[in-house]
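Colleague: Build me a structure from this.
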Amino acid sequence: MESTEDENAGDAVALSRPQRRLLKRIYNGRTAPIIADDLPFLTFKDASRYLLSLPEDARDSAYAEMKGFAAAEDR
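Modeller: Next up is the predicted model:
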């Protein structure tokens, strides 16, 4: 069954549960965009779509940038 290999590859692409939860929380009701990789993201859907389009190491970097941007706004 070769489909299990494809399923495992799909699992590697998905965001982790803690990442999804944090992104949903920081994008909930947002009126000002979060900037990551010089791109503005206003919704969870846009941000997650962008993150999933990146290779894993670049995704982690962009996620950390979004997280840091949101934390800096709260201060």
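Colleague: So, low pLDDT: which residues of the chain?
Modeller: 1-12 (pLDDT under 70).
Colleague: Which parts of it are helices?
Modeller: Using DSSP state H, the helices of the chain run over residues 3-13, 17-27, 44-52, 56-74.
Colleague: Mean neighbour count, those: which tops it?
Modeller: Among the helices of the chain, helix 44-52 has the highest mean neighbour count (mean count of other C-beta atoms under 10 Å), at a mean of 16. Where you see a C-beta, it was placed from the backbone N, CA and C, and this is true even at glycine.
Colleague: got the angle for that one vs helix 17-27?
Modeller: 140 degrees (axes from the mean of the first three to the mean of the last three C-alpha atoms, to 10 degrees).
Colleague: helices or strands up against helix 44-52?
Modeller: helix 17-27, strand 34-36, strand 39-41, helix 56-74 (3 or more C-beta pairs under 8 Å, 6 or more residues apart in numbering; DSSP states H and E).
Colleague: In TSV, list those along with distance to residue 48.
Modeller: Listed next are these as TSV, based on distance: least, C-beta to C-beta, whole Å:
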stretch	distance to residue 48
helix 17-27	6
strand 34-36	12
strand 39-41	9
helix 56-74	10
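Colleague: related to what we said a few turns ago, columns distance to residue 34 on top of the helices of the chain, output as JSON lines?
Modeller: Below are those laid out as JSON lines (distance: least, C-beta to C-beta, whole Å):
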{"stretch": "helix 3-13", "distance to residue 34": "22"}
{"stretch": "helix 17-27", "distance to residue 34": "7"}
{"stretch": "helix 44-52", "distance to residue 34": "7"}
{"stretch": "helix 56-74", "distance to residue 34": "5"}
